[in-house]
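S.K.: Got a predicted structure plus its sequence, pasted below:
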Amino acid sequence: MESTAVQEWIAQVIKPEQNEKYKVDGNTFIDTAYINETLLAKRQPEKQEIREIIAKALDLYRLEPEDTAALLNCTDEDLWDEMYTAGLRIKEKVYGRRIVTFAPLYISNFCVNNCVYCGYRKSNEHIDRQQLNMDELRKEIKTLVNKGHKRLIMVYGEHPCSDVDYIAETIKVAYSTKVGNGEIRRVNVNAAPESIEDYHKLKEVGIGTFQVFQETYHPGVYKRLHPSGLKANYEWRLYSLHRAMEAGIDDVGIGALFGLYDWKFEVMGLLAHTIDLEKHFNGVGPHTISFPRLEPAVNTPFVEKTSYKIDDDTFKKLVTVLRLSVPYTGMILTARENAAVRQNVIPVGITQIDAGSNIGIGGYAREALDYNRQQFILGDNRSLDEAVRDLALMGRITSFCTADYRCGRTGSCFMGFAKEGKIHNLCMPNAILTFKEYLLDYASEETKKAGEPLIEQELAALPNQAVKARTEEYLKRIEAGERDLFF
């Protein structure tokens, strides 16, 4: 049973009337019957149909549900190879050969929810609970800055102690903490769904992307897996990012946790979410899509019992279908996956990864992996330096760029560039500049050796001579000691 105080807090947070304007005849945008019927109708797609859909995606058109259902049901491995190739082409057409890198920073693991698959669930007495105070937070941020990070995703448990005022204060601390040449320039947030009024408060302190994962889009499955707490309200979570965008937060991130229900249904749910955001916000869909897989967690037997786990091959396929379905969106591949899986999946369309990650509360400053403070167990424990070097050896430049957000290239502005395949013309020069900063200030000699030739390669590939000349000028200024130069 939930305490009276928690019940009162949940009742205060949830304002169902804020969702009503987005529903049609009282119904949400998730029509389970339609999704199932569409998947069934497209269960045996023809080769020509698949190739026509691939061509549509290559022209950077967002796919319709019928298109995505056909791709999901493809059984021809040769066609899958064509899709993998198309995924890479789409990604490079829109975003270039850069990979954006960030660090997750877990702030609190107190939670009122009882999600059966989560290590942080309220009933799990094997978890050591902690919430960072501002001094502890500064230590975490200084540790990350000293490793070269410029971007964070700050993660909060759903609990009264992590209310919007606390979140806003932590964001201010993150932006104000500087170490030598280093600083955090972009703070994204993964937290409880908020009201429109509370989203306004986060907008005021300079939040980047606000991220909420629906976990599963199937209402019945959702209800079984989220028996109590704030998260038990399916619709409050489903429309959380509609409310965020209404409040003026330009960039939002959607996601599903694969392993809770049928993977094809969840991909269709992510597409439905994308389409509904576009419908209500002048064609602006999610800035990012995430697709974490269920991973082991301390004292969480559900993870071993679920019948919906997906293997590595299926995972690569679902990522590819999402890349083709929403060509303009950023796609995040996290360190839940091991290094080998990430190396295999990055080429089908990934735009962002985390690196050097520690998801234990206070874990960066302690340089400790505390499983009893973690939501789940990480698969990739490479350092940031190792990940940057491995990307360089794959021919991909690591970007620490945050210029879009400071130049106003967010929301509809960013989406316009992305849908036309032009955003990389601005972002690649900035990637080169931030990569140079990293190599000078933080990289090992081995990583410098792998990275410097890549800068020359990408510089030579810049199509605009004026941009190339300005980039070369900025590189010289960076070598002379200047920092944070951008287009």
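M.R.: Ah, there it is.
S.K.: and the helix or strand hosting R51, which residues are buried?
M.R.: Using DSSP states H and E, R51 falls within helix 47-58. Under the neighbour-count criterion of 16 or more other Cβ atoms under 10 Å, helix 47-58 has 49-50, 53-54, 56-58 buried. No exception for glycine: its C-beta is placed from N, CA and C like everyone else's.
S.K.: I'd like the distance from the following helix or strand past that helix to the chain centre, please.
M.R.: Proceeding N to C from helix 47-58, the next assigned helix or strand is helix 65-72, under DSSP H and E. Put simply, helix 65-72 sits 23 Å off its chain's centre (Cα atoms, centre = their mean, to the nearest Å).
S.K.: contact partners of helix 65-72?
M.R.: Here helix 65-72 makes contact (Cβ atoms under 8 Å, 6 or more residues apart in numbering) with 34-35, 38-39, 41-42, 45, 49-50, 53, 56, 63, 83, 264, 267-268, 271-272, 275, 318, 321, 324-325.
S.K.: so can I have JSON lines of the buried residues of helix 47-58 showing distance to G363 and pLDDT?
M.R.: Shown next, in JSON lines, are these (distance: Cβ to Cβ, whole Å; pLDDT from 0 to 100):
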{"residue": "E49", "distance to G363": "48", "pLDDT": "98"}
{"residue": "I50", "distance to G363": "45", "pLDDT": "99"}
{"residue": "I53", "distance to G363": "43", "pLDDT": "99"}
{"residue": "I54", "distance to G363": "42", "pLDDT": "99"}
{"residue": "K56", "distance to G363": "44", "pLDDT": "99"}
{"residue": "A57", "distance to G363": "39", "pLDDT": "98"}
{"residue": "L58", "distance to G363": "42", "pLDDT": "98"}
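S.K.: of all these, which comes closest to I332?
M.R.: Comparing the buried residues of helix 47-58 against I332 with Cβ to Cβ places A57 closest, at 19.2 Å.
S.K.: correct me, but the closest one touches P327?
M.R.: Yes: if you go by Cβ atoms under 8 Å, A57 and P327 touch, sitting 5.7 Å apart.
S.K.: who touches both of those two?
M.R.: Common neighbours of A57 and P327 (Cβ under 8 Å, 6+ apart) are I90.
S.K.: where do the helices sit along the stretch 51-200 of the chain?
M.R.: Counting by DSSP state H, counting those that start in this stretch, the stretch 51-200 of the chain has helices at residues 65-72, 77-95, 134-147, 164-176, 196-204.
S.K.: Identify the residues contacting the residue nearest to S444 when sequence neighbours are not counted.
M.R.: Sequence neighbours aside, D385 is the residue nearest to S444 in space, at 5.2 Å (criterion: Cβ to Cβ, 6 or more residues apart in numbering). Counting by Cβ under 8 Å, 6+ apart, D385 makes contact with 147-148, 356, 442-444, 447.
S.K.: try 10 Å
M.R.: By Cβ atoms under 10 Å, 6 or more residues apart in numbering, the contact list for D385 reads 147-148, 355-356, 438, 442-444, 446-448.
S.K.: Need the three-state assignment for it.
M.R.: helix (DSSP: H, G, I helix; E, B strand; the rest coil).
S.K.: pLDDT score for it?
M.R.: pLDDT recorded at D385 is 98.
S.K.: State the distance from it to R89.
M.R.: 30 Å (Cβ to Cβ, to the nearest Å).
S.K.: Please apply the same query to V24.
M.R.: Going from V24 to R89 by Cβ to Cβ gives 36 Å.
S.K.: rewinding a little: how about the buried residues of helix 47-58, which pair is most distant?
M.R.: That would be E49 and L58, which, of those, are the farthest apart (Cβ to Cβ) at 15.1 Å.
S.K.: More neighbours: V24 and R89, which one.
M.R.: A count of neighbours by other Cβ atoms under 10 Å puts R89 above the other of V24 and R89, at 16 against 9.
S.K.: so the more buried one makes contact with G349?
M.R.: Yes: in terms of Cβ atoms under 10 Å, R89 counts as a neighbour of G349; the distance is 9.0 Å.
S.K.: got the CA positions of the host helix or strand of E473 in PDB?
M.R.: Using DSSP H and E, E473 sits within helix 465-479. Coordinates of each C-alpha in helix 465-479 appear next as PDB, following Å, rounded to 0.1, in the frame of the first residue of the first chain:
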ATOM      1  CA  GLN A 465      35.100  26.000 -49.100                       C
ATOM      2  CA  ALA A 466      34.200  29.000 -46.900                       C
ATOM      3  CA  VAL A 467      33.100  26.700 -44.100                       C
ATOM      4  CA  LYS A 468      36.300  24.600 -44.600                       C
ATOM      5  CA  ALA A 469      38.500  27.800 -44.400                       C
ATOM      6  CA  ARG A 470      36.700  29.000 -41.200                       C
ATOM      7  CA  THR A 471      37.000  25.500 -39.600                       C
ATOM      8  CA  GLU A 472      40.800  25.600 -40.400                       C
ATOM      9  CA  GLU A 473      41.000  29.000 -38.800                       C
ATOM     10  CA  TYR A 474      39.100  27.800 -35.700                       C
ATOM     11  CA  LEU A 475      41.400  24.800 -35.400                       C
ATOM     12  CA  LYS A 476      44.400  27.000 -35.300                       C
ATOM     13  CA  ARG A 477      42.800  29.100 -32.600                       C
ATOM     14  CA  ILE A 478      42.000  26.000 -30.600                       C
ATOM     15  CA  GLU A 479      45.600  24.800 -30.900                       C
END
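S.K.: can you give me the mean pLDDT across that helix?
M.R.: On average, helix 465-479 scores 94.
S.K.: Can you tell me how far the closest residue to N358 other than its chain neighbours is from E472?
M.R.: Counting by Cβ to Cβ, 6+ apart, N358 lies nearest to Y364, which is 5.2 Å off, once chain neighbours are set aside. Distance of Y364 to E472, computed by Cβ to Cβ: 35 Å.
S.K.: phi, psi of the residue nearest to T351 when sequence neighbours are not counted?
M.R.: Among residues not flanking T351 along the chain, G330 sits closest, at 4.5 Å (Cβ to Cβ, 6+ apart). Phi and psi for G330, reported as degrees, to the nearest 10, are phi -80, psi 150.
S.K.: G330 contacts G255, doesn't it?
M.R.: No: using Cβ under 10 Å, G330 makes no contact with G255, being 11.6 Å away.
S.K.: tell me, what's touching the two both at once?
M.R.: 286, 288-290.
S.K.: Show me which of those are buried.
M.R.: Looks like the shared contacts of G330 and G255 have 286, 288-290 buried, using 16+ other Cβ under 10 Å.
S.K.: Need the pLDDT of the residue nearest to N358.
M.R.: So, for Y364, pLDDT stands at 94.
S.K.: cool, R382 as well?
M.R.: For R382, the predicted pLDDT is 96.
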